[in-house]
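[1] Return a 3D structure for these sequence lines:
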Amino acid sequence: MKKVVIWVIIVAFVLSGLAAAVFSQPAAETSARAIRITPPAPVFSDAERQAELAKRRAAVADRMEDRSILILFSAEPKIYSNSVNYVYRQENNLVYLTGLKQQNATFVMTKNQGVVEEYLFLPARNPVYETWEGRMYSNEEASTISGLRNIIPIAERDAFIKAVTGKTSFSSSSTSASINTELDHIYLLVPEGPGDRNAMREFRQEHEFRNLLSGRSEKNARPIFAELRLIKSPYEIRLMQHAVDISIEAHMRSQAMVQRAKWEYEVQAEVEYTFRRRNADYWGYPSIVGCGPNATTLHYQLPKGQVRSGDLLLMDVGAEYEHYTADITRTFPVNGRFSKEQAEIYQIVYDAQDAVAKMTRPGVRFAALQLEANRVIEEGLFELGLITKKDGQQFRRWFMHGLGHWLGMNVHDVGDYSTPLAPGMVFTNEPGIYLRPDALEWLSDTPENREFKEKVGPVFERYKGIGVRIEDVMLVTPNGVEWMNRALPRSIADIETFMARAASEYPY
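    You can find the predicted model right below:
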């Protein structure tokens with residue numbers, strides 16, 4: 001009997017230990033020593049949000065001419081396949097001014113003799129629609145989110161448009177709102193020229209509406225938003241930081257599990273699992289996860305390749321949170337250790353990125369940062385023997401894209417690149433080197449190229465198939481720059497140390 005009791009006690013002890021191990025805390029949290037768990041999302045009160053949106057609307061109004069009207073249409077749903085739409089995403093500038101994400105809304109702002117009036121055309125709640133598609137905003141909810149008070153049923157928008165195009169008066173038939181439509185200037189989000197094909201596609205409604213404005217003074221609102229959105233407020237920076245934090249965790253989890261992966265799509269699944277787990281809206285752009293030679297394709301988006309020990313894996317991924325996106329790239333060895341050749345290429349890119357960061361401060365122009373990245377990469381490639389001269393052109397065979405881009409509500413956000421840097425600007429610092437295995441084969445048969453291939457070819461054989469990009473999110477500060485994703489290992493030593501720890505600590 002005593003033996004039975006002893007065995008019962010032992011079994012109970014073991015089972016209780018297993019239960020504690022399994023249920024004491026989520027598995028991911030146990031590896032927090034190596035993997036940075038995303039901090040909580042920022043929380044704003046209704047008053048804070050309304051004040052931020054009101055400040056933005058006032059800034060737009062300040063830049064409008066007197067006796068003018070601004071009209072912003074919501075984004076249109078886009079077909080994915082037959083009767084199925086893509087996930088709906090609101091037009092950025094309408095969100096920027098109202099915070100509203102529901103489709104079929106229109107924002108109107110007038111300015112007359114310095115007096116600014118704001119209006120919102122909004123669909124009424126519809127139980128049939130809500131049965132199929134989900135809850136719509138009530139007028140009260142839309143007002144709480146945006147701070148707007150003059151809300152007019154969307155059914156009256158056509159009458160408003162007719163009044164604008166006919167330069168006649170408009171008064172709502174169901175509310176007390178009356179909009180002065182006889183003003184001189186109409187601000188729309190319109191293409192900047194015949195070659196602006198992206199705007200033609202995105203702002204179709206505006207393009208069609210402008211064709212009705214015979215004899216009216218049409219103004220393009222896009223430069224106003226490009227100027228304002230280039231400088232992020234503290235409110236926006238908090239949202240962007242959360243998108244960055246989610247992306248940091250996704251990168252870390254991917255580096256922790258990569259040695260267990262056999263296919264690129266398994267690593268990408270870890271990224272997008274983390275996005276969903278941390279309540280990101282979506283990705284800010286399609287994820288890029290390429291291993292080995294696939295890392296030399298800049299916008300590689302077919303993650304079907306094998307993940308092989310000894311290869312580098314390039315991950316360019318960023319979560320979107322509340323319409324603000326991150327954009328971070330890391331290139332790391334699948335087996336956790338850089339080879340000599342991989343490390344040599346990586347260090348050139350790393351040094352170029354560091355050099356750019358050291359130059360970044362208010363007053364500097366983006367073009368100067370690009371030249372500095374070019375200089376460092378050209379020098380590094382020349383020393384390795386992957387180019388034969390430093391002429392400002394030859395290195396472009398291996399570094400063919402720009403240094404980076406503005407970041408915000410778009411992954412390639414709006415803003416004039418000739419504008420001197422100022423505090424609150426956010427951009428990506430992303431130099432790279434891409435040695436496609438067949439790159440020399442595609443060179444045209446000229447005496448210069450034959451000479452290049454003869455001199456570079458033997459060295460190229462050691463490095464071909466290596467693709468490296470390092471990309472960090474940079475916030476311009478009054479005294480320089482802040483690396484918003486500084487918590488993510490970047491140097492060769494830090495990556496190798498992190499991967500060794502994370503692989504052993506991360507449970508699978």
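[2] In terms of secondary structure, what does the longest helix seen in the chain contact?
    Longest helix of the chain, by residue count under DSSP state H: helix 234-257. For helix 234-257, the packing partners by 3 or more CB pairs under 8 Å, 6 or more residues apart in numbering; DSSP states H and E come out as helix 264-277, strand 312-317, strand 319-321, strand 324-325, strand 328-333, strand 472-477, helix 492-505. (C-beta placed from N, C-alpha, C; glycine too.)
[3] so that helix versus helix 264-277, what angle?
    Angle, helix 234-257 to helix 264-277, by axes from the mean of the first three to the mean of the last three CA atoms, to 10 degrees: 140 degrees.
[4] pull the CA atoms of helix 234-257 into PDB?
    Output of helix 234-257 as PDB, limited to C-alpha atoms (Å, rounded to 0.1, in the frame of the first residue of the first chain):
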ATOM      1  CA  PRO A 234       4.000  63.000 -31.300                       C
ATOM      2  CA  TYR A 235       0.600  61.300 -31.700                       C
ATOM      3  CA  GLU A 236       1.600  59.800 -35.000                       C
ATOM      4  CA  ILE A 237       5.100  58.800 -33.800                       C
ATOM      5  CA  ARG A 238       3.500  56.800 -31.000                       C
ATOM      6  CA  LEU A 239       1.400  54.900 -33.600                       C
ATOM      7  CA  MET A 240       4.400  54.400 -35.900                       C
ATOM      8  CA  GLN A 241       6.400  53.100 -33.000                       C
ATOM      9  CA  HIS A 242       3.800  50.500 -32.200                       C
ATOM     10  CA  ALA A 243       3.900  49.300 -35.900                       C
ATOM     11  CA  VAL A 244       7.700  49.200 -35.600                       C
ATOM     12  CA  ASP A 245       7.500  47.200 -32.300                       C
ATOM     13  CA  ILE A 246       5.200  44.600 -33.800                       C
ATOM     14  CA  SER A 247       7.600  44.300 -36.700                       C
ATOM     15  CA  ILE A 248      10.600  43.900 -34.400                       C
ATOM     16  CA  GLU A 249       8.900  40.900 -32.700                       C
ATOM     17  CA  ALA A 250       8.100  39.400 -36.100                       C
ATOM     18  CA  HIS A 251      11.700  39.700 -37.100                       C
ATOM     19  CA  MET A 252      13.000  38.200 -33.900                       C
ATOM     20  CA  ARG A 253      10.600  35.300 -33.900                       C
ATOM     21  CA  SER A 254      11.600  34.500 -37.500                       C
ATOM     22  CA  GLN A 255      15.300  34.500 -36.700                       C
ATOM     23  CA  ALA A 256      14.600  32.200 -33.700                       C
ATOM     24  CA  MET A 257      12.700  29.600 -35.800                       C
END
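[5] buried residues in that helix?
    For helix 234-257, burial by neighbour count (16 or more other CB atoms under 10 Å) applies to 235-257.
[6] on that earlier part again, between the helices and strands packed on helix 234-257, which one is nearest to residue 375?
    strand 472-477 (18.4 Å; CB to CB).
[7] partners of that closest one in the sheet?
    strand 426-429 (antiparallel), strand 480-483 (antiparallel) (DSSP bridges).
[8] Out of those, which is the most enclosed?
    A comparison of the strands paired with strand 472-477 by mean neighbour count, using mean count of other CB atoms under 10 Å, puts strand 426-429 on top with a mean of 24.
[9] Give the next helix or strand downstream of it.
    Proceeding N to C from strand 426-429, the next assigned helix or strand is strand 432-434, under DSSP states H and E.
[10] Mind checking the pLDDT average for that next one?
    The pLDDT scores in strand 432-434 average 98.
[11] go on, stretch 296-311?
    For stretch 296-311, mean pLDDT is 97.
[12] before we move on, what about stretch 147-166?
    When pLDDT is averaged over stretch 147-166, the result is 96.
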